[in-house]
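Peer 1: Turn this into a structure:
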Amino acid sequence: MQIRPLTHDDLPHASALCLEAFTQAVAPTLPAQGVATFARVAAADAFAERLQGDNLILAAVIDAAIVGLIELKEGRHIAMLFVAPRWQRKGIGARLMSAALEHARVEVVTVRASLSSVPAYQRYGFALAGEVNAFAGMTYQPMEKRLPGWPGR
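Peer 2: From the prediction side, this is the model:
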């Protein structure tokens, strides 16, 4: 498996992977507004816009196929982490998380975890950081992870 930055050529595949994983694991727990919000965020053109900003998006690639991705926003916030359903529970999410955290620029990295992903984030060392909340139909659990070695990691 290779972990590498997402490229513009990857955008349709990245979008499809996120939508597939989201549809299976998260969409059934959300109202239509939340599903529509996520569809906009996971669209290829939305990924392209975020690639132009201060977001690092890494892809896990096996046999030339994207099997997972993670997005680190502004070096401080995990904005997205998805692994293709058939590749889940094989350590890909953990490898992506580790790679993304190498680029963190803060002592405490945050995430707004979907409720179904809270156990996975806990396995990655994140702790609950507040009450369950909702925005634009998306229900999430704030979580955070304190990185060792700060200041000056």
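
Peer 1: chain center to stretch 132-148, what's the gap?
Peer 2: Stretch 132-148 has its C-alpha centroid displaced from the chain centroid by 12 Å (C-alpha atoms, centre = their mean, to the nearest Å).

Peer 1: and the longest helix belonging to the chain, what other elements does it pack with?
Peer 2: What stands out as the longest helix in the chain, according to DSSP state H, is helix 11-25. Helices and strands touching helix 11-25, by 3 or more C-beta pairs under 8 Å, 6 or more residues apart in numbering; DSSP states H and E, are helix 32-41, helix 44-52, strand 65-73, strand 77-83. Any C-beta I mention is one placed from the backbone N, CA and C, and that applies to glycine too.

Peer 1: Which residues does the shortest one contact?
Peer 2: Which is strand 77-83. 17-18, 21-22, 41-42, 50, 55, 57, 60, 67-73, 92-93, 96-97, 100, 109-111, 117 (C-beta atoms under 8 Å, 6 or more residues apart in numbering).

Peer 1: Give me the below-cutoff pLDDT ranges for this structure.
Peer 2: 150-153 (pLDDT under 70).

Peer 1: rerun that using 80 as the cut-off
Peer 2: When residues are selected by pLDDT under 80, those of the chain lie in 149-153.

Peer 1: quick revisit: could you check the angle the longest helix of the chain makes with strand 77-83?
Peer 2: Here helix 11-25 points in a direction 80 degrees away from that of strand 77-83 (axes from the mean of the first three to the mean of the last three C-alpha atoms, to 10 degrees).

Peer 1: which residues are in contact with helix 11-25?
Peer 2: Contact partners of helix 11-25, identified using C-beta under 8 Å, 6+ apart, comprise 6, 38-39, 42-45, 47-48, 57, 59, 65-69, 80, 82-85, 88, 114, 116-117.

Peer 1: Equivalent analysis for stretch 91-110, please.
Peer 2: 1, 3, 56, 58, 60, 67-72, 74-78, 81, 83, 120, 123-124, 129, 142-147, 150-151.

Peer 1: If any of these are buried, give me the PyMOL selection for them.
Peer 2: This is how PyMOL selects the buried members of the contacts of stretch 91-110, with burial counted by 16 or more other C-beta atoms under 10 Å:
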select buried, resi 3+56+58+60+67+68+69+70+71+72+77+78+81+83+120+124+143+144+145
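
Peer 1: how far is stretch 123-141 from where the chain is centred?
Peer 2: Using C-alpha atoms, centre = their mean, the distance from the centre of stretch 123-141 to the centre of the chain it belongs to is 13 Å.
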